[in-house]
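Visitor: I'll drop the sequence and a predicted model, then ask my questions.
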Amino acid sequence: MNVESRKKALHYFFGKIVDPMGYKFTPDQELVDFLLEQEVILEQKHGIPFCPCQGLRHDRSRDMKIVCPCIPFHRKHFDIMKRCWCGLYVHKDVTDPDSLPQLPYSEADHE
Amino acid sequence: MYTLSTCPWCRKTKNFFAGHNIPFDYIDYDLADASTQDRIIEELDAHGATGFPYVKIDNEIVYGYNPSRYAELLGL
Amino acid sequence: MKTETGINDWIYAADEIDLKEGGMIPAYPLGVHILLARVDDSVYALSGKCIHMACPLYMGILKGDILTCPCHDWQYNIRTGEFLDAAELILEKYKLKSENGKLYILLTKEEPK
Ligand code: SF4
């Protein structure tokens, strides 16, 4: 399948999943385009759209927790940052995604 | 620094260093061989890191793209 | 006058005998992909496709009341359809009835005609 149409398919699938969890695609269109493209390439290589920003460990139970969208498995961390690690998804109220830093869970404000 | 070839924040990190003419070493984890990957994972796990980029400046670790922290540590 | 079967009717889905204890089978009433599962002798009818990427759930693993998708290991409670790691994500659940060894399903939330 060609990359552009697969990107559209993933956009459709994943949009429906993140919405009930309070997330949306980042308004940064360029980032959405880049990340979905990487996911399609990873899917072509591994058969699975893995996260472009987290490393595969070749351990199924851990790797399945970094298949996009991985929000359910890293919810607390991402909710604090208001974005997922890659920044592909942000909380619905976010309009300025560049203001959201990529924080390690240990340093994030756990209030 | 440890990075992924697929990660936009890793690219930004490399660009930050290159843009300030600061020499740096990097390994793209996803393109590395198995033993290098194991070593990197061990190091990341020890710091509770789950994603990339992972940058070492002297003995300080900065995990996640954080240009202001890089600047601070590099005295920019 | 001929009346057509629609989503407001009880529609035949499968024979009771084909659904073993602890087992799962797919059914396609009116072309809708359904998962039928039997746990502790109760039968459940849920959407047959994983919320994540629409993988066919009947090919997954059922252990007790936990269903694991074959593709990326997303896990659901077979009784409620809830995804275990995010309760907002829930598989559509359908009403069932059994008559004379046959299972019938209601594809709508409306009361049957
Ligand atoms: S961090 Fe974001 S882009 Fe990466 S897998 Fe998780 S949800 Fe997808």
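Guide: The structure has been received and is ready for your questions. Numbering: from 1, shown residues only, chains lettered A, B, ... in the order given.
Visitor: show me where pLDDT drops low in chain A?
Guide: A:1, A:108-111 (pLDDT under 70).
Visitor: kindly report the residues of it close to chain B.
Guide: A:31, A:34-35, A:38, A:41-42, A:51-57, A:74, A:85-87, A:101-106 (Cβ under 8 Å from any Cβ of the partner chain). Any C-beta I mention is one placed from the backbone N, CA and C, and that applies to glycine too.
Visitor: repeat that for chain C.
Guide: By the rule Cβ under 8 Å from any Cβ, no part of chain C lies against chain B.
Visitor: which stretches of chain C form strands?
Guide: Along chain C, the stretches classed as strands by DSSP state E are C:10-15, C:24-27, C:34-39, C:42-47, C:61-63, C:66-68, C:75-77, C:93-99, C:102-106.
Visitor: now those as CSV including distance to B:F16?
Guide: Shown next, in CSV, are the strands of chain C (distance: least, Cβ to Cβ, whole Å):
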stretch, distance to B:F16
strand C:10-15, 59
strand C:24-27, 51
strand C:34-39, 49
strand C:42-47, 46
strand C:61-63, 46
strand C:66-68, 42
strand C:75-77, 40
strand C:93-99, 50
strand C:102-106, 58
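Visitor: out of those, which is the most enclosed?
Guide: Using mean count of other Cβ atoms under 10 Å in any protein chain shown, the stretch among the strands of chain C with the largest mean neighbour count is strand C:34-39, at a mean of 22.
Visitor: for chain B, what spans make up the helices?
Guide: Applying DSSP state H to chain B gives helices spanning B:8-19, B:34-46, B:67-74.
Visitor: quick check: buried residues in the last one?
Guide: To tie it back to what came earlier, the one meant is helix B:67-74. Buried positions in helix B:67-74, judged by neighbour count with 16 or more other Cβ atoms under 10 Å in any protein chain shown: B:67, B:69-70.
Visitor: quick one, grab the pLDDT at B:V62.
Guide: Looking at B:V62, its pLDDT is 94.
Visitor: so what's it bridging to?
Guide: B:V55 (DSSP bridges).
Visitor: and it, what does it touch?
Guide: Taking Cβ atoms under 8 Å, 6 or more residues apart in numbering or on different chains as the criterion, B:V62 is in contact with B:54-56, B:69-70, B:73.
Visitor: and with 7 Å instead?
Guide: With contact taken as Cβ atoms under 7 Å, 6 or more residues apart in numbering or on different chains, B:V62 is in contact with B:55, B:69-70.
Visitor: save those residues as a markdown table, and put in pLDDT and distance to C:W74 too.
Guide: Below are those laid out as a markdown table (pLDDT from 0 to 100; distance: Cβ to Cβ, whole Å):
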| residue | pLDDT | distance to C:W74 |
| --- | --- | --- |
| B:V55 | 96 | 33 |
| B:R69 | 95 | 36 |
| B:Y70 | 96 | 37 |
